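Asker: Pasting the sequence and the predicted model now:
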Amino acid sequence: MLTLDNLSLRIGRRHLLRDINGSFAAGEFIAILGENGAGKSTLLRAIASHKRSEHSITTRGDIVLGGTPLGAWSHRQLANKRAVMEQHNAPPAFLTVQELVMMGRFGHNESMWHANRYAERWLQRLQLDTLKDQALSRLSGGQQQRGHLARCFAQIDDTALPASEPSVDNSQAIDYEAIYPADKMLLLDEPTSALDVYHQHRCLKHAKAFANAGNLVIAVMHDINLAALYANRIALLHSGKLMALGKPAEVLREDTLQTMYRVKMNVQRPPDGTPFVISRPFAEHADHQDGELLAVD
């Protein structure tokens, strides 16, 4: 569904991405991990076809989405194909939650009634329906983050509207393939950074189910263990370069993670095969410089 071929990006003499290669299929949840400033958000913006304002920007390589070069997609075509949840979102504070989610339907040629129905669908699924009339300024950071995720899902939802939406709660088995579109792409930049544990899992469960229905999810994450639980493959980005790309059990190795994060790591491997990573704290008395690997013994 998505191919990156020797993708590089620099601003002036500063290289932000260097020779990124990878092929990503519909049905995959891809997590991008890396230290601050590794180029994770830059890579996500490049895949989203977001243009940066700097005049000195230089790009090289190709991004192909659905067999078509990304530059050949119109804005309307992209709006119906992929949705992007940025790391920082600043919509007008006077908007209500429902109005925010309805913004995702802007590119669709439909009535306000239809836009409202799609918004209500995703407000319910992300447990925001009781907050739909609240102004964004009155919401917590986590609630706003869930609102933006609902906006993204609403944007690329092209499934038919039923006469009435089924009630969805934790006790019911959900046929996710029946309620999600297919052949879409969801790009998420730190989607769980402000969420409590319950909503981290609930939102990632929806993202994973969205991928399982025949879509591609690419998410920038900092929680290594959440990435290991939900991602089919993990991309490790280090100083703008792709350090590793593979299944969590293949990629999450102590030596690789220690090189990337510069702290000691312990990788446990429970019976289910999902790696569980523990980082070790710095020694408080240590006088260290960047690049040194120091932790309490």
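Answerer: Sure, I can see it. These figures come from a predicted structure and were not determined experimentally.

Asker: what's residue 22 in contact with, if anything?
Answerer: 3, 4, 235, 242, 245 (Cβ atoms under 8 Å, 6 or more residues apart in numbering). Just so you know, the C-beta spots here come from the backbone N, C-alpha and C atoms, and that holds for glycine as well.

Asker: ugh, wrong one, I meant residue 145
Answerer: Neighbour list for residue 145: 191, 192, 193, 194, 195 [criterion: Cβ under 8 Å, 6+ apart].

Asker: any idea where the strands of the stretch 151-297 of the chain begin and end?
Answerer: 185-189, 216-220, 233-238, 241-246, 265-268, 276-279 (DSSP state E, counting those that start in this stretch).

Asker: May I see the buried residues of the fifth one?
Answerer: By 16 or more other Cβ atoms under 10 Å, the buried positions in strand 265-268 come out as 265, 267.

Asker: Residues in contact with it: which ones?
Answerer: 252, 253, 254, 257, 258, 275, 276, 277, 278, 279, 280.

Asker: if we go to 10 Å?
Answerer: 224, 228, 249, 252-259, 274-280, 293, 295 (Cβ atoms under 10 Å, 6 or more residues apart in numbering).

Asker: List the pairing partners of it within its sheet, with orientation.
Answerer: Paired strands of strand 265-268, with direction, are strand 276-279 (antiparallel) (DSSP bridges).

Asker: And the first one, by the same measure?
Answerer: Based on DSSP bridges, the strands next to strand 185-189 in the sheet, each with its direction, are strand 82-85 (parallel), strand 216-220 (parallel).

Asker: Check the offset of it from the chain's centre.
Answerer: 4 Å (Cα atoms, centre = their mean, to the nearest Å).

Asker: same question for it, mean pLDDT?
Answerer: In this model, strand 185-189 has an average pLDDT of 97.

Asker: For the remainder of this discussion, apply numbering that starts at 46.
Answerer: All set: I'll call the first residue 46, so the last point we hit is now strand 230-234.

Asker: Pick the most deeply packed of the strands of the stretch 196-342 of the chain.
Answerer: Ranked by mean neighbour count, those are led by strand 261-265 with a mean of 26 (mean count of other Cβ atoms under 10 Å).

Asker: and the angle from that one to strand 278-283?
Answerer: 30 degrees (axes from the mean of the first three to the mean of the last three Cα atoms, to 10 degrees).
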